[in-house]
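Trainee: Provided below for reference: sequence and predicted model.
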Amino acid sequence: MSLLRRWFDPLRSSWFYQKPIRQAVLPTDKGLSIYLRLDDVYSYLAVQQLPQLEEILSDELKPLQVIISSQTAEPPNFMSAVEWQQYCLNDAKILSKQHRFSFHETPEQPTPEALQQAETILRNTPLRGQDFLYLLEDVFHMLWQKQYGKLRTLHAMASRHHKPQNFPERIFNQTPVLVSFFEFGERKYSAVDDLLRLTRRLKQQKLLTDNPIFLINHIEWREHVISDAEELNEIQALDPELDLYIALEDPVSWLLLAYIKEELADYYNIQLNVYPLSYHGRDLFDWSLATRLSKRTEVAFTPFCRPTETATQNMAQLYYSVPEEQRIEAMYQILQAVWTQGKDLSYKAHFQQLQQALDVQELSTADVSAKLKENDMHCEMKSQPDFPVLELRIDGQSYVFNSLYRVWMIESIFSNVLEEKYKTENITESELRTNEKRKS
């Protein structure tokens with residue numbers, strides 16, 4: 001790491017924490033917008049929240065501006081269009097079950113003909129405000145619930161009786177949209193993952209007329225879904241196992257590992273396995289996002305030096321030099337040193353200090369680069385759009401998900417496993433009672 005970068009990064013970080021703009025009230029002059037795509041499954045989930053959101057918006061933000069794009073953006077993490085599409089459908093299905101969104105049991109992408117009919121209906125309708133948002137939700141239901149007969153009927157009526165409208169709060173364009181998002185005060189908020197963050201911001205600025213009630217089954221950080229001692233023992237007895245594939249230069253890797261280790265691993269008796277990845281250039285991260293996630297997860301995160309490729313190689317070498325049974329604690333200490341103490345492990349003195357702290361007498365002679373490439377290969381096979389990648393195994397089932405935004409799935413899966421277990425037990429007991437009655 002260059003001297004300039006080593007000294008400039010902590011200064012830049014400190015300046016970022018202290019700059020007043022982070023606490024500033026966001027401007028309202030451009031109102032609140034939501035970007036949608038008719039063939040985006042996250043847009044389908046988002047529109048189910050819009051009538052309620054519009055109802056509690058202050059007059060200053062009304063009407064909600066709806067921007068419908070016909071252009072998608074490139075899939076993330078070098079995924080193919082088919083891989084990305086399948087991931088989105090699976091992820092949306094999980095979100096719909098968690099938060100009770102309306103969703104089809106076997107979702108499919110809408111046909112091109114249906115998408116064109118839906119756009120015509122929305123372009124031609126004279127409805128505005130909340131009435132338009134209810135129509136928008138209905139049209140999305142028709143697209144994603146395979147109600148093509150209803151869609152054709154509505155399209156015929158819209159084509160015969162109405163002409164294209166031109167309302168400023170309803171825009172059709174070709175802005176590339178990967179997934180639905182809100183825009184407020186020149187900031188973007190994911191339409192599902194960031195909905196609660198957006199409503200907290202709006203409430204803080206007194207731009208809501210009532211308390212927002214969205215995503216009712218959202219699991220808050222450091223709050224547990226399972227607190228009953230008997231249920232907790234049942235999960236612990238299933239010996240859940242969790243694999244983490246992490247990019248060492250990514251601060252989210254530290255936030256995720258620290259949160260899971262401090263809050264979930266011992267609580268649920270989760271066996272953790274960490275697989276560091278080769279350098280992916282994720283040191284050019286979103287500073288504000290990392291800071292916000294640090295506060296939400298209550299995991300320490302202070303001014304630092306961003307790890308370079310050399311530093312990540314040294315971090316991995318330390319990790320693989322520790323006995324296998326001590327590696328989770330070692331990775332925790334390594335990432336903690338980097339992301340809370342500003343240790344630069346491409347700097348010999350810092351490396352030796354940490355080596356001594358980990359009680360590593362001799363560094364591993366194994367080919368660390370080969371191990372990282374092997375981890376990369378296994379991680380790539382999971383077909384996930386973002387890092388860190390997590391794979392949870394419990395009760396004979398395997399579940400793969402990614403990023404700090406999906407950590408709540410660990411506890412949600414545990415809850416579902418218990419629910420299915422109780423259902424099976426009840427069915428078995430019922431069948432036994434029935435058989436006994438027949439015998440008697």
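Mentor: Now that the structure is in, tell me what you want to look at.
Trainee: Centroid-nearest residue for the protein?
Mentor: Most central in the chain under Cα atoms, centre = their mean is residue 405, positioned 3.0 Å from the mean C-alpha point.
Trainee: any idea of the pLDDT on the nearest residue to it once chain neighbours are set aside?
Mentor: Sequence neighbours aside, residue 193 is the residue nearest to residue 405 in space, at 5.0 Å (criterion: Cβ to Cβ, 6 or more residues apart in numbering). In short, each C-beta sits where N, CA and C put it, glycine included. Taken from the predicted model, the pLDDT recorded for residue 193 is 95.
Trainee: what does the one 10 residues further on give?
Mentor: Per-residue pLDDT puts residue 203 at 96.
Trainee: That one: neighbouring residues, count only.
Mentor: With neighbours defined by other Cβ atoms under 10 Å, the count for residue 203 comes to 14.
Trainee: for residue 377, same thing?
Mentor: Here the number of neighbours of residue 377 (other Cβ under 10 Å) works out to 9.
Trainee: Count the neighbours of the residue nearest to residue 405 for me.
Mentor: Residues within reach of residue 193, counting by other Cβ under 10 Å, total 16.
Trainee: Report the separation between it and residue 359.
Mentor: To residue 359, residue 193 is 40 Å away according to Cβ to Cβ, to the nearest Å.
Trainee: Do I have it right that residue 388 meets residue 255?
Mentor: No - the pair residue 388 and residue 255 fails to qualify as a contact (Cβ atoms under 8 Å) at a distance of 9.4 Å.
Trainee: between these two, which one's more packed in?
Mentor: Just comparing residue 388 and residue 255: by other Cβ under 10 Å the higher neighbour count belongs to residue 388, 27 against 24.
Trainee: What is the burial count for the residue lying closest to that one once chain neighbours are set aside?
Mentor: With sequence-adjacent residues excluded and distances taken as Cβ to Cβ, 6+ apart, residue 388 is closest to residue 246, at 4.5 Å. Neighbourhood size, residue 246 [other Cβ under 10 Å]: 24.
Trainee: you'd agree residue 246 is in a strand?
Mentor: Yes - under DSSP: H, G, I helix; E, B strand; the rest coil, residue 246 falls within a strand.
Trainee: For it, give the beta-bridge partners.
Mentor: According to DSSP bridges, the partner residues bridging residue 246 are residue 276.
Trainee: Tell me who's in contact with it.
Mentor: Contact analysis of residue 246 by Cβ atoms under 8 Å, 6 or more residues apart in numbering lists 253, 256-257, 274-277, 387-388.
Trainee: what do you get for residue 128?
Mentor: Here residue 128 is in contact with 63, 167, 169-170 (Cβ under 8 Å, 6+ apart).
Trainee: Kindly report the same for residue 208.
Mentor: Listed by Cβ under 8 Å, 6+ apart, the contact set of residue 208 reads 56-58, 199, 202.
Trainee: switch the cut-off to 10 Å
Mentor: By Cβ atoms under 10 Å, 6 or more residues apart in numbering, the residues touching residue 208 are 53, 55-58, 61, 199-202.
Trainee: Let me see the domain layout of this structure.
Mentor: What automatic domain parsing lists as the domains of the chain is 27-204, 229-413.
Trainee: May I see those domains arranged in TSV, with distance to residue 212 as well?
Mentor: Formatted as TSV, the domains of the chain follow (distance: least, Cβ to Cβ, whole Å):
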stretch	distance to residue 212
domain 27-204	4
domain 229-413	17
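Trainee: which one of the ones you listed lies closest to residue 214?
Mentor: With Cβ to Cβ, the closest approach to residue 214 among the domains of the chain belongs to domain 27-204: 5.5 Å.
Trainee: Show the end-to-end separation of the closest one, please.
Mentor: From its first residue to its last, domain 27-204 covers 13 Å (Cα to Cα, to the nearest Å).
Trainee: What's the separation between the residue nearest to residue 388 and residue 278?
Mentor: Residue 246 is 11 Å from residue 278, by Cβ to Cβ.
Trainee: go on, residue 287?
Mentor: Distance from residue 287 to residue 278, by Cβ to Cβ: 23 Å.
Trainee: still on that earlier bit, got any residues that touch both of residue 246 and residue 278?
Mentor: Residues touching both residue 246 and residue 278 (Cβ under 10 Å, 6+ apart): 375, 379.
Trainee: residues contacting the closest residue in space to residue 75 that isn't next to it in sequence?
Mentor: Computed as Cβ to Cβ, 6+ apart, the closest residue to residue 75 that is not its neighbour in sequence is residue 84, at 3.6 Å. Applying Cβ under 10 Å, 6+ apart, one finds that residue 84 lies in contact with 72, 74-77, 178-179, 383, 385.
Trainee: Top of those by number of neighbours, please.
Mentor: Using other Cβ under 10 Å as the neighbour criterion, residue 179 leads those with 25 neighbours.
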